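Colleague: based on what follows, work out the 3D shape:
(chains A and B)
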Amino acid sequence: MQANDLQAALNDIAPELGGQSITGLRRLSGGASQETWAFSLDTGRPLILRRKPPGTGSVTGLATPLATEAALIRAAAKQGAPVPEVLAICDPGSDVGEAYVMAAVEGETLGKRIARDDNFAAIRPKLAFQCGEALAKIHAIPLDESLPPLNRSSALDELAKYEAVYRTLDARRPIFEAAFKWLKDTAPPLERPVMLHGDFRNGNLMFSPRTGLAAVLDWELVHIGDPAEDMGWICTASWRFGGGKPVGGFGDYADLLAGYEAAGGAPIALERVLYWQMLGSLKWGCMCLGMYASFANGTDPSVERAMIGRRTSETEIDLMALLERAQ
Amino acid sequence: MITHPTAPELIDSVIKFIEERAAPNLKDRDAFLARVAVNALGAVKRELEQGPAAEARAVERLRALLGRDGDFATLNAALCDGLADGGIDGSDPAVLAHLKASIIDQVRIDQPQYAGLKTLAP
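Modeller: I've put the predicted structure just below:
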């Protein structure tokens, strides 16, 4: 579909969004599984469209239907988590296509700026606490019949998924072997399954330099699992962007855990967060190898895809530090 | 081997060309890819300079650890298999020392500025 057709389709649903027509439609980014467009209502309200590119099936097999993503954002809003307001959900058969429309939120998502730029210096000490609060609210979403069916995944399930990826790629990485073994041997059982964001990390969160956490974005990996999984992922070293602190490069473990408890989350032991942080490094390492594979087999011949294979070693050195600590 | 110019000198000349001549004319994604290309050349240069010695050290450690001979790929595969099936104990200090020394060498090639490198090799 061309931008003109999309413009017409969005004009048709403008009343549902609270206006008469739309203006200023422009493409922000587009991955293989998601398109993001910005536009405004005639009232001046800025909006965002998330859409599945027409004619694509599920690319990774992991992608959540957009209607599910939108339903979860609304459920998170109900718990008081900072999320963009979802204004409309469009069916796969509609003129817009499989998509949803949400309010645009102002702020910064570039991880490096949030972890290091001067204009975040004043608010930075508060961010980890705010992330803990947001996670407690997301994890409080009731797991009931009103939500679409979601995957449920324990630590062992996650390890099996990424070990399968690793074995397929036929890479020989002894630190991965040692990490898989240790993480399997010490895997915590899924005692208290909760709704997880699934990709809660610096880069997927919008922050304001004045007020801090403004919106939790990128809900496509939402699933049910161990609450410490979301906490470990934002502490995973590859998401610190050169910032010196463990939580997203900007904050301390204690503040993340304190914010979680302050917002009503059941206390989580730091050890459990560190377990999932280690699993996070292993998971990102396998994803780096997988992205390199798409270069090696010619699917994406860009230098970026080739070089991301060399980021695997950063995850190995982080795993090494955690393996040493675990002895 | 040819030394006028050396391989690292050729790489430096290409890095300089990309940074000073090509990249200023590029925008958006291409400008980003030019930076990635410069990073890739940096890794290639470091691998040329440091890779052979790092691999030789790894082979020496692996021979001692596994008590057998072989090239890097063979010995490394044997270590991986042993760690996976439990035949080699991943918490053995000698194993950990080998893994640590190897990954420090590798990250010095791939990303010498990476924060995790300073954590493990201050």
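
Colleague: ok, residue A:211 touching residue A:123?
Modeller: Yes - contact criterion Cβ atoms under 8 Å: residue A:211 and residue A:123 qualify, at 7.2 Å. (Glycine included, C-beta is placed from N, CA and C.)

Colleague: shaky segments in chain A?
Modeller: A:1-2, A:30-33, A:55-63 (pLDDT under 70).

Colleague: in it, which residue is most central in space?
Modeller: Nearest to the mean C-alpha position of chain A, by Cα atoms, centre = their mean, lies residue A:199 at 2.4 Å.

Colleague: what about the nearest residue to that one once chain neighbours are set aside, neighbour count?
Modeller: In space, and not counting its chain neighbours, residue A:199 is closest to residue A:221: 4.4 Å by Cβ to Cβ, 6 or more residues apart in numbering or on different chains. The local packing of residue A:221 (other Cβ atoms under 10 Å in any protein chain shown) involves 18 other residues.

Colleague: pop out the phi and psi values for residue A:221.
Modeller: phi -110, psi 20 (degrees, to the nearest 10).

Colleague: can you tell me which residues contact it?
Modeller: Residues near residue A:221 by Cβ atoms under 8 Å, 6 or more residues apart in numbering or on different chains: A:62, A:64, A:197, A:198, A:199.

Colleague: would you say the residue nearest to the centre of chain A is within a helix?
Modeller: No - counting by DSSP: H, G, I helix; E, B strand; the rest coil, residue A:199 is not part of a helix but coil.

Colleague: name the nearest of the contacts of residue A:221 relative to chain B.
Modeller: Among the contacts of residue A:221, residue A:199 lies closest to chain B (Cβ to the nearest Cβ), at 21.3 Å.

Colleague: gap between that closest one and residue A:184?
Modeller: As judged by Cβ to Cβ, to the nearest Å, residue A:199 and residue A:184 stand 23 Å apart.

Colleague: do residue A:92 as well
Modeller: Distance of residue A:92 to residue A:184, given as Cβ to Cβ: 39 Å.

Colleague: and for residue A:75?
Modeller: In terms of Cβ to Cβ, residue A:75 sits 32 Å off from residue A:184.

Colleague: surely residue A:81 meets residue A:131?
Modeller: No - Residue A:81 lies out of contact with residue A:131 (Cβ under 8 Å); the separation is 10.8 Å.

Colleague: higher neighbour count, the two?
Modeller: More crowded of residue A:81 and residue A:131, by other Cβ under 10 Å: residue A:131, with 30 against 23.

Colleague: can you verify that one is assigned to a helix?
Modeller: Yes - applying three-state DSSP, one finds residue A:131 inside a helix.

Colleague: gap between it and residue A:172?
Modeller: As defined by Cβ to Cβ, residue A:131 lies at a distance of 36 Å from residue A:172.

Colleague: can you check residue A:261 too?
Modeller: From residue A:261 to residue A:172 the distance is 43 Å (Cβ to Cβ).

Colleague: so what pLDDT did the residue in chain B sticking out farthest from the centre get?
Modeller: Distance to the chain centre peaks in chain B at residue B:25, reaching 31.1 Å (criterion: Cα atoms, centre = their mean). Note on residue B:25: pLDDT of 95.

Colleague: what distance do you get for it to residue B:34?
Modeller: Counting by Cβ to Cβ, the gap from residue B:25 to residue B:34 is 9 Å.

Colleague: same thing with residue B:101?
Modeller: For residue B:101, the distance to residue B:34 equals 34 Å [Cβ to Cβ].

Colleague: list the residues that contact residue A:22.
Modeller: Residue A:22 sits in contact with A:7, A:10, A:11, A:14, A:39, A:40, A:41, A:42, A:47, where contact means Cβ under 8 Å, 6+ apart.

Colleague: okay, now the fourth one: neighbour count?
Modeller: When neighbours are counted by other Cβ under 10 Å, residue A:14 registers 20.

Colleague: and residue A:27, by the same measure?
Modeller: Neighbour number of residue A:27 under other Cβ under 10 Å is 12.

Colleague: name all residues that make contact with the residue nearest to residue A:226 when sequence neighbours are not counted.
Modeller: Distances taken as Cβ to Cβ, 6+ apart place residue A:190 nearest to residue A:226, at 5.7 Å, with adjacent residues excluded. Applying Cβ under 8 Å, 6+ apart, we find residue A:190 in contact with A:152, A:154, A:155, A:225, A:226.

Colleague: buried residues in the strand ranked longest in chain A, which are they?
Modeller: If you go by DSSP state E, chain A has its longest strand at strand A:22-30. Under the neighbour-count criterion of 16 or more other Cβ atoms under 10 Å in any protein chain shown, strand A:22-30 has A:22, A:25 buried.

Colleague: which residues in chain A form strands?
Modeller: Ranges of strands within chain A are A:22-30, A:35-41, A:46-51, A:86-90, A:99-103, A:152-153, A:194-196, A:205-208, A:212-216, A:223-225, based on DSSP E.

Colleague: most tightly surrounded among these?
Modeller: Burial among these, expressed as mean neighbours by mean count of other Cβ atoms under 10 Å in any protein chain shown, is greatest for strand A:194-196, which shows a mean of 24.

Colleague: helices and strands around it, which ones?
Modeller: helix A:124-139, strand A:223-225, helix A:227-235 (3 or more Cβ pairs under 8 Å, 6 or more residues apart in numbering or on different chains; DSSP states H and E).

Colleague: could you check how far the residue farthest from the centre of chain B is from chain A?
Modeller: 17 Å (Cβ to the nearest Cβ, to the nearest Å).

Colleague: can you tell me how far that residue sits from residue B:19?
Modeller: For residue B:25, the distance to residue B:19 equals 12 Å [Cβ to Cβ].

Colleague: what of residue A:285?
Modeller: Residue A:285 is 30 Å from residue B:19, by Cβ to Cβ.

Colleague: neighbour-wise, which of the two wins?
Modeller: Set side by side, residue A:285 and residue B:19 show more neighbours around residue A:285, with 26 against 14, by other Cβ under 10 Å.

Colleague: which residues touch that one?
Modeller: Counting by Cβ under 8 Å, 6+ apart, residue A:285 touches A:173, A:176, A:312, A:315, A:316, A:319.

Colleague: next: residue A:207.
Modeller: Contacts of residue A:207 by Cβ under 8 Å, 6+ apart are A:107, A:108, A:109, A:114, A:120, A:123, A:127, A:213, A:214.
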